[in-house]
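Undergrad: predicted model and sequence follow; I will ask about them next.
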Amino acid sequence: MTERNSEALYQHLTTNVKYSCYNGVCAIVANNLITPFIPLFAIEVLKATHQQVALLSSLPALMGILALLPGARIIDRLARKKHFTGMSILSGRLFYLLIALVPFLPVRDQAAWLVILVALMNFPTSVAVLAWQAFIASLIPEPERNRFFGDRNRITTFAGLITTLFSGIILEQFPKDSPGPYQAFFTLAFFLALLEVYYIYLHVEPDLSGKTLSRPVISTVIPNRSAVPNRSAMPTGERSTRLAAAREILGNRPFIYFLVSSFAFHFGWQMAWPLFNIYQIENAHATAMWISIFTLCNSLMSMATFRLWSRWSETRGTAYTLIFAALAIASATLIYTFSMNLYYLAAANLWIGVAVAGITLLLFNRMLEVTPETRRATYMAIYQTAIGISGFIAPQVGVWIMNVSSIYVSFYVATALRSLGAGAFAVVWLLGKTKAGAGQAESFNA
């Protein structure tokens, strides 16, 4: 980044931080009106099977795989990413309305349609996440990112906490198999998502020359055809460019090491996702109010510890701190098996909130550390595709183990795999430390 571009980023930093926080609040409030209650809606209202509950986790991951690479190619070509990011978010949020209409469908298996819609929703949503990551990374200078994401996550988590608490209280006033309250929340979530998109457009996006863009430029979404190489006239050059990009990515050892270790960790992490829903609703008989309390406890501790994780990361390094966040996540599945008492599970979610705060902050920051600004969207797409493959397979494996043995055995296996992933992060950190001792610290950012 040139000095001129850096000055442009700092010139608009306060404005962009403000609108990013507003955007994040709208996003988390909308999300917390729908996401925590989708499993309850599926099981209690639509009578979903265990397999369908697992598919609610795995099929969205598959759609993400299909979306990320083509999405990354588009994003990498965009000089300005604001308009594309806003439209991608809006496309995904439109599915909130469609999900609200599922109980009206004149079909026997409405749960299957819910699974399909949630899966399809993740196609534009995955592109939107990738676009937002590339967009916000281009607006926030690297020295400010740890503090920015820590503060933003703390603010948005508080907003999500309040939303979850009151939505749970409201849902508790209705029969648990009544679709109306869920439909009202899903519809409200869509209108809040419109505000989320509005605040995206209020960000100030400097261009490469230091000028700023206050309004969306639609033409930037479709690359200038005169600037794009003619594939039929330049096949060799096109292939050479792709080969050069592939060599660059494969030669980026910090990224490859992070990719492999993160895949190993995510398999164990994602394996237990449907198990928590099944355990809470079917084994512990948690109502909407208790689901809200679990989310509340989780969010409360996340909000309280984001800044601590950020400071620890700044002091000891992201790669080192990530090991302990992964170990904390590994312990979550184990402590959940000790009791089905709802008060105990609420207390367990306090610890899970600490772990989730660390892992979400540090995984993203570590990914930014090991990816260069050039082709960053492509790097992110490769990473998200690998995690998506894990996200498609792992939940099915978790439910399969539960079906052939018990939910406790499945939790134990997930704990072991998460611990192995934390060990992989530790190995990568040790490799980076060894290289740093040999005078190659800059290669590993460890």
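TA: That came in fine, so what should we check first?

Undergrad: give me phi/psi at residue 287?
TA: With angles defined as degrees, to the nearest 10, residue 287 sits at phi -90, psi 180.

Undergrad: check contacts around it.
TA: Taking CB atoms under 8 Å, 6 or more residues apart in numbering, we find residue 287 in contact with 172, 176. Every residue, glycine included, has its C-beta placed from N, CA and C.

Undergrad: and the nearest residue to residue 365 once chain neighbours are set aside, its phi and psi?
TA: If the residues on either side of it in the chain are set aside, residue 365 comes closest to residue 318, at 5.1 Å by CB to CB, 6 or more residues apart in numbering. When read as degrees, to the nearest 10, the backbone of residue 318 gives phi -60, psi -40.

Undergrad: quick check: residue 318 touching residue 364?
TA: No: taking contacts as CB atoms under 8 Å, residue 318 lies outside contact range of residue 364: 9.7 Å.

Undergrad: which of these two has more neighbours?
TA: Between residue 318 and residue 364, counting by other CB atoms under 10 Å, residue 318 is the more crowded of the two (26 against 17).

Undergrad: quick check: buried residues in the strand or helix carrying residue 368?
TA: With elements taken from DSSP states H and E, the one containing residue 368 is helix 342-369. Residues of helix 342-369 classed as buried: 342, 345-346, 348-369 (neighbour count, 16 or more other CB atoms under 10 Å).

Undergrad: average pLDDT across it?
TA: Taken as a whole, helix 342-369 has a mean pLDDT of 93.

Undergrad: and residue 48, how many neighbours?
TA: 24.

Undergrad: now do the contacts for it.
TA: Here residue 48 is in contact with 42, 56, 111, 114, 115 (CB under 8 Å, 6+ apart).

Undergrad: could you do residue 156 as well?
TA: 21, 24, 25, 27, 28.

Undergrad: hmm, back to that, which among the contacts of residue 48 gets closest to residue 428?
TA: Lowest distance from residue 428 to the contacts of residue 48 (CB to CB) belongs to residue 56, with 31.7 Å.

Undergrad: count of residues packed around the closest one?
TA: 21.

Undergrad: list the helices and strands the helix or strand hosting it packs on?
TA: Assigned by DSSP H and E, residue 56 falls within helix 50-77. The criterion is 3 or more CB pairs under 8 Å, 6 or more residues apart in numbering; DSSP states H and E, and the helices and strands that helix 50-77 contacts are helix 38-40, helix 82-100, helix 110-139, helix 273-278, helix 376-404.

Undergrad: now compare the contacts of residue 48 and name the two farthest from each other.
TA: Going by CB to CB, the pair spanning the contacts of residue 48 furthest: 56 and 111, at 9.3 Å.

Undergrad: shared neighbours of the two, which are they?
TA: Joint contacts of residue 56 and residue 111 (CB under 8 Å, 6+ apart) are 42, 48.

Undergrad: and residue 140, how far is that from residue 302?
TA: Counting by CB to CB, to the nearest Å, the gap from residue 140 to residue 302 is 21 Å.

Undergrad: the more surrounded of those two?
TA: residue 302 (27 against 20).

Undergrad: and the more buried one, helix, strand or coil?
TA: Under DSSP: H, G, I helix; E, B strand; the rest coil, residue 302 falls in the helix class.

Undergrad: spit out the contact partners of it.
TA: 153, 157, 353, 354, 356, 357.

Undergrad: and stretch 301-319, what's buried?
TA: Buried residues in stretch 301-319 (16+ other CB under 10 Å): 301-307, 309-310, 312-313, 317-319.

Undergrad: what's the separation between the most centrally placed residue in the chain and residue 89?
TA: Nearest to the mean C-alpha position of the chain, by CA atoms, centre = their mean, lies residue 129 at 7.2 Å. Distance, residue 129 to residue 89, by CB to CB: 9 Å.

Undergrad: give me the common contacts of those two.
TA: Contacts common to residue 129 and residue 89, judged by CB under 8 Å, 6+ apart, are absent.

Undergrad: touching, residue 429 and residue 319? I think so.
TA: Yes: between residue 429 and residue 319 there is a contact at 4.6 Å, judged by CB under 8 Å.

Undergrad: all the helices of the stretch 201-350 of the chain, in order from the start?
TA: With DSSP state H, counting those that start in this stretch as the criterion, the stretch 201-350 of the chain has helices at 235-251, 253-271, 273-278, 288-316, 318-336, 342-369.

Undergrad: packing partners for the second one?
TA: This means helix 253-271. Using 3+ CB pairs under 8 Å, 6+ apart: helix 253-271 touches helix 235-251, helix 318-336, helix 342-369, helix 376-404, helix 407-437.

Undergrad: redo the ones you listed as CSV? Include distance to residue 176.
TA: Converted to CSV, the helices and strands packed on helix 253-271 look like this (distance: least, CB to CB, whole Å):
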stretch, distance to residue 176
helix 235-251, 49
helix 318-336, 22
helix 342-369, 15
helix 376-404, 23
helix 407-437, 21
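
Undergrad: many thanks, have a good one.
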